[in-house]
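> Turn this into a structure:
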Amino acid sequence: SVNTRFPNGPGVAPVGGIDSFNPYHYRGVENPRVCNQTGPGPVPQLAFAMRLPKHEKLAISVGILAPNARGAQRYGNSDGVVETGNPDHPLAPSPTRYIATQVGNLQVFPTIGVAYALHPRLNVGVAFGWGITVVDFASATQAFGGNENFNDDIRTHLKAVDGFVPRINLSVDAAPVDGLRVMAGFQWTQSVDTHGKLTLEPHYYMSDADREVFGARPTVLDHTRLRAGQASVLSFGVNYGLPRKGGVAGEIADGLGTQVFDVELSFNYDLHGRMDSYRVNPGAKDGLPPVVVYGAEIEPPASIEIPKNWKNQYVFRLGGDVNIVPGVFALRAGTWYESSGITPGYAGLDFYLPRRIGATAGATIRIQRFDLTLGYARVFYDDTDYRESGGLVRGNAGTGEATVGNNGLIQAKMNIGSIGLRYHFK
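Numbering: from 1, shown residues only. I've put the predicted structure just below:
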């Protein structure tokens with residue numbers, strides 16, 4: 001008889017020595033629905049730009065930029081357990097465990113940029129970002145490939161930091177006629193390539209007492225290599241602003257003070273095809289120690305490849321501002337369309353890239369030389385349905401080939417709120 005960390009449901013007798021929900025023993029009991037439980041996540045941005053006093057054609061900028069994506073996700077409780085809503089089997093291991101149970105990735109890019117006016121109607125710019133990437137990723141590995149009995153699962157937890165991920169932005173901005181601006185840009189980011197710590201916990205879902213019986217203890221691989229591609233981006237945009245009659249409203253000669261309205265259309269081509277897989281090479285400074293499963297030693301694999309197979313995406317955005325009170329108050333609205341970045345069969349949870357459509361609204365209020373900006377966006381995602389079949393991403397296994405881990409129905413929605421404060425120096 002093997003005991004788990006899950007309590008038995010009321011009036012339910014153990015089956016085959018297992019005293020909780022387990023699809024291997026309870027065939028016909030559906031996996032529970034599980035949602036990302038991390039709640040709202042902040043995405044801070046800070047930037048400063050200025051034109052050099054003695055060199056009016058030259059401007060510099062510095063900033064700290066973070067990608068606009070969910071960095072923190074958790075599918076189940078912090079220990080990889082979900083509440084099923086089934087009174088007979090109230091708790092269970094997360095059904096997403098072979099793909100991800102916890103994601104705590106973070107990327108920030110301290111950036112410095114320079115712009116130069118080649119002509120009153122033509123500007124060029126270049127920016128360099130020093131990226132810092134933090135990886136915190138947990139999932140489950142099947143000790144014996146093809147066996148989804150969670151008592152055999154090995155919890156894998158990777159932590160790593162890449163302290164230097166360079167990024168370069170190139171751009172050109174032109175005003176062929178008054179009121180009309182066009183731009184083009186390219187962003188390149190170096191792939192992540194770093195070493196970190198991989199912790200393997202065999203028989204993770206067993207009770208503490210039974211793990212002790214089998215001699216199961218964490219194995220720490222403190223020199224594990226991680227490699228992951230990063231997307232590059234081609235961008236194009238056009239903006240038209242209708243000049244207001246009567247000159248500048250107020251002291252600041254920007255769009256709020258000089259235009260009746262503006263409309264902008266942009267197009268991005270995201271080169272996500274660079275992200276074909278995560279490559280993990282387990283390693284330890286003192287050699288690879290074995291993992292003990294049911295008292296037997298299993299050698300960790302020399303390499304692990306987690307397929308992503310992202311597709312390149314195109315993104316269209318359309319939006320505009322109307323200056324209700326020139327120089328004081330503006331309203332804005334917009335929409336966008338983003339093509340799917342998922343190769344059929346390869347949808348994942350850490351970065352979910354189906355077709356998306358968004359709608360936005362916002363406002364700017366100017367108080368002396370401060371601009372307070374408020375915004376809201378609603379993002380609509382396509383569903384990905386692999387419930388019958390179609391998933392192609394297999395989990396990892398100590399021996400043999402693991403089962404497919406991304407079968408199921410994946411649904412998502414997102415609400416984004418933003419608040420910004422800008423100060424215009426004299």
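> Show me the longest strand that occurs in this protein.
Assignment by DSSP state E gives strand 153-177 as the longest strand of the chain.
> Buried residues in that one, which are they?
Buried residues in strand 153-177, counting neighbours by 16 or more other C-beta atoms under 10 Å, are found at 153-160, 162, 165, 167, 169, 171, 173. For the C-beta atoms, the positions are set from N, CA and C on the backbone; glycine is no exception.
> same deal with stretch 47-64?
Those would be 59, 63, for stretch 47-64 by 16+ other C-beta under 10 Å.
> go on, stretch 302-319?
Buried residues in stretch 302-319, defined by neighbour count with 16+ other C-beta under 10 Å: 304, 306, 308-311, 313, 315, 317, 319.
> lowest-confidence helix or strand of this structure?
Ranking every helix and strand in the chain by mean pLDDT, DSSP states H and E puts strand 91-93 at the bottom, with a mean of 79.
> element containing Thr364?
strand 356-367 (DSSP states H and E).
> for that strand, packing partners?
For strand 356-367, the packing partners by 3 or more C-beta pairs under 8 Å, 6 or more residues apart in numbering; DSSP states H and E come out as strand 329-338, strand 370-381.
> Now do it against strand 370-381, angle only.
170 degrees (axes from the mean of the first three to the mean of the last three C-alpha atoms, to 10 degrees).
> who touches strand 356-367?
Strand 356-367 is touched from outside by 250, 252, 256, 319, 321, 327-338, 371-382, 418, with contacts defined as C-beta atoms under 8 Å, 6 or more residues apart in numbering.
> Report the buried members of the residues you listed.
Buried members of the contacts of strand 356-367, scored by 16+ other C-beta under 10 Å, are 252, 256, 319, 321, 327, 330, 332, 334, 336, 338, 371, 373, 375, 377, 379, 381.
> Assign a three-state SS to the fourth one, would you?
Reduced to three states with DSSP: H, G, I helix; E, B strand; the rest coil, the structure at Asp321 is strand.
> Surely it touches Val260?
No - taking contacts as C-beta atoms under 8 Å, Asp321 lies outside contact range of Val260: 9.7 Å.
> Got the phi and psi for Leu46?
With angles defined as degrees, to the nearest 10, Leu46 sits at phi -140, psi 130.
> From Val43, how far off is the residue nearest to it when sequence neighbours are not counted?
Excluding the flanking residues, the one nearest Leu46 by C-beta to C-beta, 6 or more residues apart in numbering is Ile64, at 4.9 Å. Remark: distance between Ile64 and Val43 (C-beta to C-beta, to the nearest Å) = 11 Å.
> Torsion angles phi and psi at Phe150?
According to degrees, to the nearest 10, Phe150 has phi -70, psi -20.
> That one and His203 touch, don't they?
No - assessed by C-beta under 8 Å, Phe150 is found out of contact with His203, at 9.5 Å.
> if we can go back for a sec, partner strands of the strand holding Thr364, with direction?
strand 329-338 (antiparallel), strand 370-381 (antiparallel) (DSSP bridges).
> closest to Pro354 out of those?
Pro354 lies closest to strand 370-381 among the strands paired with strand 356-367, at 5.4 Å (C-beta to C-beta).
> pull the CA atoms of that closest one into CSV?
The C-alpha trace of strand 370-381 is given here as CSV (Å, rounded to 0.1, in the frame of the first residue of the first chain):
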residue,chain,number,x,y,z
PHE,A,370,2.5,66.6,-16.1
ASP,A,371,0.6,64.2,-18.3
LEU,A,372,-1.5,61.6,-16.5
THR,A,373,-2.4,58.7,-18.9
LEU,A,374,-5.0,56.0,-18.2
GLY,A,375,-5.7,53.0,-20.4
TYR,A,376,-7.6,49.8,-20.6
ALA,A,377,-7.3,46.8,-23.1
ARG,A,378,-9.4,43.7,-23.5
VAL,A,379,-7.7,40.8,-25.2
PHE,A,380,-9.7,38.0,-26.9
TYR,A,381,-8.0,34.6,-27.5
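> Tell me the helix or strand right after that strand.
strand 384-385.
> Can you point out the buried residues in the helix or strand harbouring Leu265?
For Leu265, the host element (DSSP H and E) is strand 259-271. Across strand 259-271, burial judged by 16+ other C-beta under 10 Å covers 259, 261-262, 264, 266, 268-271.
> what mean pLDDT does stretch 281-301 have?
In this model, stretch 281-301 has a mean pLDDT of 88.
> Give the bridge partners for Val165, please.
Here Val165, judged by DSSP bridges, has bridge partners Gly131.
> so how far is Gly131 from it?
Separation of Val165 from Gly131 (C-beta to C-beta): 3 Å.
> which residues are common contacts for those two?
Taking C-beta under 8 Å, 6+ apart as the criterion, Val165 and Gly131 both touch 107, 109, 189-190.
> For those, pick the one with the most neighbours.
Within those, most neighbours by other C-beta atoms under 10 Å means Thr189, with 23 neighbours.
> Who is that one paired with across the strands?
Taking DSSP bridges as the rule, Thr189 bridges to Arg167.
> Hmm, Asp383 is touching Leu409, no?
Yes - between Asp383 and Leu409 a contact is recorded at 6.6 Å, counting by C-beta under 8 Å.
> export the helices and strands packed on strand 356-367 to TSV and tack on distance to Thr101 and mean pLDDT?
As requested, the helices and strands packed on strand 356-367 are arranged in TSV below (distance: least, C-beta to C-beta, whole Å; pLDDT from 0 to 100):
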stretch	distance to Thr101	mean pLDDT
strand 329-338	27	97
strand 370-381	21	96
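> Could you measure from Pro32 over to Asn149?
According to C-beta to C-beta, Pro32 stands 17 Å off from Asn149.
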